[in-house]
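Undergrad: The following comprises the amino acid sequence and a computationally predicted model.
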4 protein chains.
Amino acid sequence: MTDLTEFVPSWLPSDELELARAKLPIVYVDAVPVRVDESGRVTKVGLLLRGRPDGSISRAVISGRVLFGERVRDALLRHIEKDLGPVALPQIPTNPAPFTIAEYFPDPDVSGFHDPRQHAVSLVYVVPVKGDCQPSQSALDLAWLTPAEALSPEVVAEMTGGQDLLIRLALAHTGSLG
Amino acid sequence: MTDLTEFVPSWLPSDELELARAKLPIVYVDAVPVRVDESGRVTKVGLLLRGRPDGSISRAVISGRVLFGERVRDALLRHIEKDLGPVALPQIPTNPAPFTIAEYFPDPDVSGFHDPRQHAVSLVYVVPVKGDCQPSQSALDLAWLTPAEALSPEVVAEMTGGQDLLIRLALAHTGSLG
Amino acid sequence: MTDLTEFVPSWLPSDELELARAKLPIVYVDAVPVRVDESGRVTKVGLLLRGRPDGSISRAVISGRVLFGERVRDALLRHIEKDLGPVALPQIPTNPAPFTIAEYFPDPDVSGFHDPRQHAVSLVYVVPVKGDCQPSQSALDLAWLTPAEALSPEVVAEMTGGQDLLIRLALAHTGSLG
Amino acid sequence: MTDLTEFVPSWLPSDELELARAKLPIVYVDAVPVRVDESGRVTKVGLLLRGRPDGSISRAVISGRVLFGERVRDALLRHIEKDLGPVALPQIPTNPAPFTIAEYFPDPDVSGFHDPRQHAVSLVYVVPVKGDCQPSQSALDLAWLTPAEALSPEVVAEMTGGQDLLIRLALAHTGSLG
């Protein structure tokens, strides 16, 4: 769900995080970046290509941990800027509630969302971005696809761990599902 | 809820609209314009000062009818541009569902929302605006107030027909109530 | 979206309704009836078999007009009782906002939702029902299908006018999509 | 937010939980129990009287931790049964997304939600209950109040840590505010 560079040692040493991950659900945010027209219709979905927790290099949305003492809104902005660069101009939703939750489990069969490292409860948001997006060092590529392209068999085949389900839920939520 | 200039004769003659209004609920959209910070927190709420259906001149949000053949998203954009001008740069939500509905009735005691002219079912949205806002001819003023100011007794006293309740619901939805 | 028997003459004569339908969007409610387990997971979706506005006999959810002076909640309950009988024990959601809106147009290509008779803006809800359901006279059958069955090619082939899209949106909303 | 009896030693030893609480946000669920009429209108709100993390004995909603490996829905059901007894017949919402999030911080000024023990991110749900409710051993009382009573100055004075704000948000969400 995220690159390892996020785990700043000053916040939590890696071994303690590993310990906590074996015992507690971890709070995450996921963001599905989209381009919209002036009436708010989704025209494109942004998909990163990156190394993933399961060892694959595959298509995924923005995802990362909420830190101790951090507001969820600020975690969302931080991870978007980390993955899309400082001039993406994201429009963080005014509603703090996620549109859905993705419950990632080490066991891939529990919920459809899989993370071999941990049990994460991720708050999921659709976030329009207006500016220039530059995939970060940890991401190899950023592709903007139409809703139909994002759910095509070719692209779905490039997604693992439930990322295709997440895209489908985001497109349903925005009224742009086929 | 809106000025009379919206009822373009080519769409529906006034007498037919009056007839329909006596027989059918009418589809409306309401938009609560807000200013937000980079993390999506509401910093200001925009309140128009205008003539209202009840004959008062009072504080109100953006409101208007959905026309035959018009998408709800497009009605929302049209009414925002009509009331705030062409360079308000509204961010219409990606989710087509309203965050709440306001059911306006001729009888002020049914729902807390009152419109002496009609039964209107209004889909209500919170809409961040980024650009310059110029109140239209039909509005006398546009004031940007903090959430606390917008719910102060002085401002609430300037609102009729449930507009203060609408502001409270919008601030609750955005996590900026109290 | 609904049978003609709903248009009680005392509320609005048929010819006036026809006139209004040619000029104004009409307010509707759609309800997707579901069976749930004790944790609120959807186990079954209820699909009616009925005559539809397009002349087909096909699978559809509950749908009907909101009457002048009627609260949306009460319209929802009325149409559910009309289609599923008096002991269905529906659990109308506490949140008055629909989870999505379905914009039905005479032109089938505008939104994916089609009604040859009118432009209807329908507020869509997922409604768990706990009791015994008896399809009404106007419905030929009521089938309870698992989420996977409801989206199988065979069942989708029995749906017209966007009813399959509505089911997909409802299942996405409830976290029970594939 | 919850009593200590929930921290079953077999899941996580208290000292390890204390360690994690100093380093990571903890995943919680909050449930606002309500009584509803047949159209889904809130008629009563249930408020427990209990010992709270801040040492007070005050009015509060249902709240508790999500355990490692546990689905959010199941945590919600477990905490409701723990606080209201086994025959409360709660109607867990079909939508897995909370209607809002409550971010509890050790610093009472960050968000309006305060927990001196920890940073908790709580997913908040409104849950209708139909059956008989018996407050658990850890709760001294359960009171069913009308929306107006629940927000009266007397009752608000019995709430700490943002519980009154939570009630206000829940009533706004259900259209039963003012």
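TA: Looks like it arrived, so ask away. Note that the coordinates shown come from a computational prediction; the quantities given were computed from them, not determined experimentally.

Undergrad: Regarding chain A, what is its longest helix?
TA: If you go by DSSP state H, chain A has its longest helix at helix A:72-84.

Undergrad: does chain D sit close to the helix or strand just after that helix?
TA: With elements assigned by DSSP states H and E, the helix or strand that comes after helix A:72-84 is strand A:100-105. Yes - contact of strand A:100-105 with chain D (Cβ under 8 Å from any Cβ of the partner chain) involves A:100-101, A:103, A:105. The way it works is simple: take the backbone N, C-alpha and C, and place the C-beta from them, glycine included.

Undergrad: picking up where we left off before, near chain B at all, the longest helix of chain A?
TA: Yes - interface with chain B: helix A:72-84 contributes A:73-74, A:76-77 (Cβ under 8 Å from any Cβ).

Undergrad: And those residues, which is closest to residue A:147?
TA: Each of these was scored against residue A:147 by Cβ to Cβ, and residue A:76 proved nearest at 22.0 Å.

Undergrad: mind listing what the closest one touches?
TA: A:29, A:31, A:92, A:125, A:127, B:39-40 (Cβ atoms under 8 Å, 6 or more residues apart in numbering or on different chains).

Undergrad: Can you tell me the closest non-neighbouring residue to it?
TA: In this structure, residue A:76 finds its nearest non-sequential neighbour in residue A:29, 4.9 Å apart by Cβ to Cβ, 6 or more residues apart in numbering or on different chains.

Undergrad: Around residue A:86, how many other residues sit close by?
TA: Neighbour count of residue A:86, defined by other Cβ atoms under 10 Å in any protein chain shown: 10.

Undergrad: For residue A:114, name its beta-bridge partners.
TA: In this entry, residue A:114 is beta-bridged to residue A:105, by DSSP bridges.

Undergrad: wait, doesn't residue A:54 sit right on residue A:163?
TA: No - Residue A:54 lies out of contact with residue A:163 (Cβ atoms under 8 Å); the separation is 10.7 Å.

Undergrad: Compare these two and say which one has the larger neighbour count.
TA: In this view residue A:54 and residue A:163 are compared by other Cβ under 10 Å, and residue A:163 has more residues nearby, 25 against 14.

Undergrad: isn't residue A:71 right next to residue D:101, touching?
TA: No - using Cβ under 8 Å, residue A:71 is not in contact with residue D:101, being 9.9 Å away.

Undergrad: and residue A:110, what element?
TA: Of the helices and strands defined by DSSP H and E, none includes residue A:110.

Undergrad: Report the contact partners of it.
TA: Residue A:110 is in contact with A:103, D:71, counting by Cβ under 8 Å, 6+ apart.

Undergrad: quick one: pLDDT of it?
TA: Note for residue A:110: predicted pLDDT of 93.

Undergrad: what do you get for the one 3 residues further on?
TA: In the prediction, the pLDDT value recorded for residue A:113 is 97.

Undergrad: List the buried residues in stretch A:127-139.
TA: Of the residues in stretch A:127-139, A:127-129, A:133, A:135-136, A:139 count as buried by neighbour count, 16 or more other Cβ atoms under 10 Å in any protein chain shown.

Undergrad: Report the entries of these that also contact chain B.
TA: Among the buried residues of stretch A:127-139, chain B is touched by residue A:128 when using Cβ under 8 Å from any Cβ.

Undergrad: Dump the buried residues of stretch A:127-139 to CSV, plus pLDDT and secondary structure.
TA: CSV is the format used below for the buried residues of stretch A:127-139 (pLDDT from 0 to 100; DSSP: H, G, I helix; E, B strand; the rest coil):
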residue, pLDDT, secondary structure
A:127, 98, strand
A:128, 98, strand
A:129, 98, strand
A:133, 96, coil
A:135, 92, coil
A:136, 83, coil
A:139, 86, strand
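
Undergrad: Closest one to chain B out of the buried residues of stretch A:127-139, please.
TA: residue A:128 (6.3 Å; Cβ to the nearest Cβ).

Undergrad: how close does the closest one sit to chain D?
TA: Noted for residue A:128: a distance of 19 Å to chain D, by Cβ to the nearest Cβ, to the nearest Å.

Undergrad: do residue A:57 as well
TA: 28 Å.

Undergrad: ditto for residue A:112
TA: Going from residue A:112 to chain D by Cβ to the nearest Cβ gives 12 Å.

Undergrad: ok, back up a step: which of the residues of strand A:100-105 next to chain D are buried? Put it as a PyMOL command.
TA: Command for PyMOL that selects the buried part of the residues of strand A:100-105 next to chain D, burial taken from 16+ other Cβ under 10 Å:
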select buried, chain A and resi 100+101+103+105
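
Undergrad: just to revisit the earlier point, pull out the buried members of the contacts of residue A:76.
TA: The neighbour count (16+ other Cβ under 10 Å) marks A:29, A:31, A:92, A:125, A:127, B:40 as buried among those.

Undergrad: Name the next helix or strand following the helix or strand encompassing the first one along the chain.
TA: Residue A:29 is located in strand A:26-36, with elements delineated by DSSP H and E. With elements assigned by DSSP H and E, the helix or strand that comes after strand A:26-36 is strand A:42-51.

Undergrad: Now the helix or strand just after that next one: buried residues?
TA: From strand A:42-51 onward toward the C-terminus, using DSSP H and E, the following helix or strand is strand A:57-60. Neighbour counts using 16+ other Cβ under 10 Å place A:58-60 of strand A:57-60 among the buried residues.

Undergrad: got it, and stretch A:35-43?
TA: A:35-36, A:40-42.

Undergrad: before we move on, what about stretch A:89-104?
TA: Within stretch A:89-104, the residues that qualify as buried are A:90-104, counting by 16+ other Cβ under 10 Å.

Undergrad: neighbours around the closest residue to residue A:58 other than its chain neighbours, how many?
TA: Among residues not flanking residue A:58 along the chain, residue A:160 sits closest, at 4.9 Å (Cβ to Cβ, 6+ apart). Residue A:160: 18 surrounding residues under other Cβ under 10 Å.

Undergrad: Mind pulling up the pLDDT for residue A:160?
TA: Here the pLDDT value assigned to residue A:160 is 93.

Undergrad: What values do phi and psi take at it?
TA: The phi/psi pair for residue A:160 (degrees, to the nearest 10) reads phi -130, psi 170.

Undergrad: Residues of chain A that sit close to chain D?
TA: A:11-12, A:16-17, A:19-20, A:22-27, A:66-72, A:95-101, A:103, A:105, A:110-111, A:119, A:121, A:123.

Undergrad: change it to 7 Å
TA: Within chain A, the positions near chain D by Cβ under 7 Å from any Cβ of the partner chain are A:12, A:16, A:20, A:23-27, A:66, A:68-69, A:71-72, A:96-101, A:103, A:119, A:121.
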